[in-house]
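S.K.: Here is my input, please return the structure:
(one chain, ligands or ions: 1)
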Amino acid sequence: MSYLFPTYNRLDIELVKGEGTKVTDAEGNTYLDFIAGIAVCNLGHSPAVVKQAIADQMDQIWHVSNLFKIPQQEEAAALLADMSGLDAVFFCNSGAEANEAAIKLAKKHSGKTKIITFKQSFHGRTFATMSATGQEKIHSGFGPLAPQFEYLPFNDVEALSELQGDDIAGIMVEVIQGEGGVNIGTEAFLKEIEKKCKELDALLIIDEVQTGIGRTGKPFAFQHYDLKPDIVTSAKGLGSGFPVGAMMGGKDLIQSFSPGTHGSTFGGNPLAMAAVKATLDAIFDESFLNEVASKSAAFIQLLKEKVEPLPIVKVVKGTGFMIGIELECEAKECIESLRGSGLLTLPAGPDVIRLLPPLTVTGEELQEAVSIIEGVLQSQTAGTAY
Ligand SMILES: *Cc1c(COP(=O)(O)O)cnc(C)c1O
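M.R.: Alright, predicted model coming up:
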């Protein structure tokens, strides 16, 4: 009997210790963790620099509320503004809250009511962000949804080019859909979104909750494309596991979030900001990001050579360390077998194995992961399950 709402199908594994890419369960089994808390532990488990920063702040003061000046918030915001090319930051506690802030800001700023999102997207579980999410199974049982979200097909330039209306406050998109299947937005599609936003005087909102904070080898994934978003949201990797989210916006938007329009009790407290600053100092370092880019490119190349040709595999896709292995069948059993062989991975959509290793993963660990994946997917091919 559990006292928890069963909102998650939990594995019967208790992870009790983590260091770098390696985690150990209560029975002493060790795993290579290519889930990393779902793209959260980008610096690996228990990173020393973040641990020290939080410990130092713990000795000073934990929480003061946003009724007071919080210089650590200014410093963290400066790092995010600098790397995103935007001008102001609102801190909150999760990805859903960051997107919630983005939706509110877009409406408040534009005076318009409709937000366009995409099918297979994922934007969160609060009422507005669930409504923004383009997946029926996530809406099921919660209707009527928050009004005026409209879902267009992802990577469909033509559907987008037909978009019209003077009531569109913003278009919100993940440049690589995470939960939806590691679907990589095409340059043509993303540029068309930007063009439409200009044409319709709508805000371009990029959800970088999963793709941001170095995950794809750039500070933010939109930087792989020549895009200028009005709003960018972040969370997951932002605090290395300390719960924190952020919404960044351009200078035109600043006056639309005036005192009293939005807020958060915990948002941006000194402990969270210590975690964010230490995380960003490590990740937004040019040589760190260059190494992420080269390590991940070599890894994807190796997966393409060794894993993609297996009969069970449709395609290996990914940017940086956001990688999907799309199968000819459901991914569930393969993920279980991988776990049995000591590699933790997660699904994205029904038929994709998603790999999200810590960005600090070593070359040796990547080699080991490829051998495990190759072995497991090979035997699954020959096996009986399908
Ligand atoms: C995880 C995720 C969210 C929601 O973040 P939470 O912190 O769980 O609220 C929103 N958007 C994207 C793209 C995500 O991957």
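S.K.: Could you report the neighbour count for residue 294?
M.R.: 11 (other CB atoms under 10 Å). From N, CA and C alone the C-beta is placed, and that goes for glycine too.
S.K.: Let me know the helix or strand that it is in.
M.R.: helix 286-306 (DSSP states H and E).
S.K.: With only the CA atoms kept, save that helix in PDB.
M.R.: Provided in PDB are the C-alpha atoms of helix 286-306 (Å, rounded to 0.1, in the frame of the first residue of the first chain):
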ATOM      1  CA  GLU A 286      32.600  27.700 -24.500                       C
ATOM      2  CA  SER A 287      35.100  24.800 -24.100                       C
ATOM      3  CA  PHE A 288      32.600  22.800 -22.100                       C
ATOM      4  CA  LEU A 289      29.900  23.200 -24.800                       C
ATOM      5  CA  ASN A 290      32.400  22.500 -27.600                       C
ATOM      6  CA  GLU A 291      33.200  19.200 -25.900                       C
ATOM      7  CA  VAL A 292      29.500  18.400 -25.600                       C
ATOM      8  CA  ALA A 293      29.100  19.100 -29.300                       C
ATOM      9  CA  SER A 294      32.000  16.900 -30.400                       C
ATOM     10  CA  LYS A 295      31.400  14.000 -27.900                       C
ATOM     11  CA  SER A 296      27.700  13.800 -28.900                       C
ATOM     12  CA  ALA A 297      28.400  14.000 -32.600                       C
ATOM     13  CA  ALA A 298      30.800  11.100 -32.300                       C
ATOM     14  CA  PHE A 299      28.300   9.200 -30.200                       C
ATOM     15  CA  ILE A 300      25.500   9.700 -32.800                       C
ATOM     16  CA  GLN A 301      27.800   8.700 -35.600                       C
ATOM     17  CA  LEU A 302      28.700   5.500 -33.700                       C
ATOM     18  CA  LEU A 303      25.000   4.800 -33.100                       C
ATOM     19  CA  LYS A 304      24.300   5.300 -36.800                       C
ATOM     20  CA  GLU A 305      27.100   2.900 -37.700                       C
ATOM     21  CA  LYS A 306      26.400   0.100 -35.200                       C
END
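S.K.: any idea of the mean pLDDT for that helix?
M.R.: For helix 286-306, the mean pLDDT works out to 98.
S.K.: List every C-alpha atom in the following helix or strand past that helix, with coordinates, as CSV.
M.R.: Once the chain leaves helix 286-306, the next helix or strand it forms, by DSSP H and E, is strand 313-319. Provided in CSV are the C-alpha atoms of strand 313-319 (Å, rounded to 0.1, in the frame of the first residue of the first chain):
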residue,chain,number,x,y,z
VAL,A,313,15.8,0.0,-35.8
LYS,A,314,14.1,2.6,-38.1
VAL,A,315,16.4,5.5,-37.5
VAL,A,316,18.8,7.2,-35.1
LYS,A,317,18.1,10.9,-34.7
GLY,A,318,19.3,13.6,-32.4
THR,A,319,21.1,16.8,-31.8
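S.K.: which residues are contacting strand 313-319?
M.R.: Contact with strand 313-319 is made by 176, 182, 184, 216-217, 221, 224, 296, 300, 303-304, 307-308, 323-328, 351, 355, 377, as judged by CB atoms under 8 Å, 6 or more residues apart in numbering.
S.K.: where does the stretch 151-300 of the chain come near the ligand, residue by residue?
M.R.: The stretch 151-300 of the chain has residues 174, 178, 179, 207, 209, 210, 235, 236 near the ligand, with proximity defined as CB under 6 Å from any ligand atom.
S.K.: rerun at 8 Å
M.R.: For the stretch 151-300 of the chain, the residues in contact with the ligand (CB under 8 Å from any ligand atom) are 174, 177-179, 207-211, 233, 235-236, 243, 245.
S.K.: Buried subset of those, written for PyMOL?
M.R.: Buried members of those, defined by 16 or more other CB atoms under 10 Å, are picked up in PyMOL with:
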select buried, resi 174+177+178+179+207+208+209+210+211+233+235+236+245
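S.K.: Could you export the residues of the stretch 151-300 of the chain next to the ligand as a markdown table, including pLDDT?
M.R.: Shown next, in a markdown table, are these (pLDDT from 0 to 100):
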| residue | pLDDT |
| --- | --- |
| 174 | 98 |
| 177 | 98 |
| 178 | 98 |
| 179 | 97 |
| 207 | 99 |
| 208 | 98 |
| 209 | 98 |
| 210 | 98 |
| 211 | 98 |
| 233 | 99 |
| 235 | 98 |
| 236 | 98 |
| 243 | 98 |
| 245 | 98 |
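S.K.: Secondary structure for the residues of the stretch 151-300 of the chain next to the ligand - can I get that in TSV?
M.R.: Shown next, in TSV, are those (DSSP: H, G, I helix; E, B strand; the rest coil):
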residue	secondary structure
174	coil
177	strand
178	coil
179	coil
207	strand
208	coil
209	coil
210	coil
211	coil
233	strand
235	coil
236	helix
243	coil
245	strand
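S.K.: Could you identify the most distant pair in the residues of the stretch 151-300 of the chain next to the ligand?
M.R.: Within those, 177 and 243 form the most distant pair, 23.1 Å apart (CB to CB).
S.K.: Good, we can wrap up now.
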